[in-house]
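A.B. asks: What shape does this take:
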Amino acid sequence: LSNPGFESGLDGWSATVVHGGYYYGDTVEPATCRTPDGICVIDGHDTFAVSESYGAGERDVTVEPVEGNRMVRLGGPFNYPGQPQPLERYRLAQTFLVDPARPVLDLNYNVFGWDYQGYDSLDLRVTLTDADGDVIARRQQPGFGAGTQLKNTGWRSAKIDLSGYEGQQVHLRIDSGGTTDTLYGFWAYIDAGL
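C.D. replies: Coordinates of the predicted model:
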């Protein structure tokens, strides 16, 4: 995997926004760094203000990279629960050869969301690049927790063991965003593992 910690920006990665969602035909365009509907490489830390409800005071939230000086943010941040979320999915993709010396793909994610459990999702999927495109591994993090207060997973490992596929070309796709409605924002940070 090339540039897993985004220390060289998005070099080696394809970054796209998929418009439409489940009910409409999808249109895909290159991603730009827009808040809250883009893919952004964050240099250093990401700090944003949140307010849990109308009239409540604000508090600052800061996210630091796990490794190195950079990380990437897919969508967000959303500053309060009523801020609408576009029906879009934010995708990073890369095709690479599995390194025989390092067959374990080591990425970390930190998911934030205002929504109820089961809505919205982060999906990491590795597929073969042959004609069938069989799925080798998949990790998912759906929305979680009760209520519409801000929640986050903290940094979690998404280790994917590709042993048995050494020297083969595979395709990694990281996909994050809302699922079926524009309510209660959801976003994710991705960084290399230690």
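A.B. asks: So, low pLDDT: which residues of this structure?
C.D. replies: 21-25, 54-55, 118, 128, 130-131, 194 (pLDDT under 70).
A.B. asks: D175 is in contact with Y90, isn't it?
C.D. replies: Yes. Counting by CB atoms under 8 Å, D175 does reach Y90; the two are 7.4 Å apart. In short, each C-beta sits where N, CA and C put it, glycine included.
A.B. asks: If you count surrounding residues, which of those two has more?
C.D. replies: Y90 (27 against 19; other CB atoms under 10 Å).
A.B. asks: tell me the contacts of that one?
C.D. replies: Contacts for Y90 (CB atoms under 8 Å, 6 or more residues apart in numbering) come out as 15-18, 31, 38-39, 74-75, 175-177.
A.B. asks: so of those, which ones are in helices?
C.D. replies: For the contacts of Y90, not one is inside helices, with DSSP state H as the criterion.
A.B. asks: tell me the contacts of T182?
C.D. replies: Listed by CB under 8 Å, 6+ apart, the contact partners of T182 are 84-87.
A.B. asks: For the residues you listed, which single residue is the most surrounded?
C.D. replies: Of the contacts of T182, with other CB under 10 Å as the count, Q85 tops at 24 neighbours.
A.B. asks: Do a quick rundown of the helices in this structure.
C.D. replies: Counting by DSSP H, the chain contains no helices.
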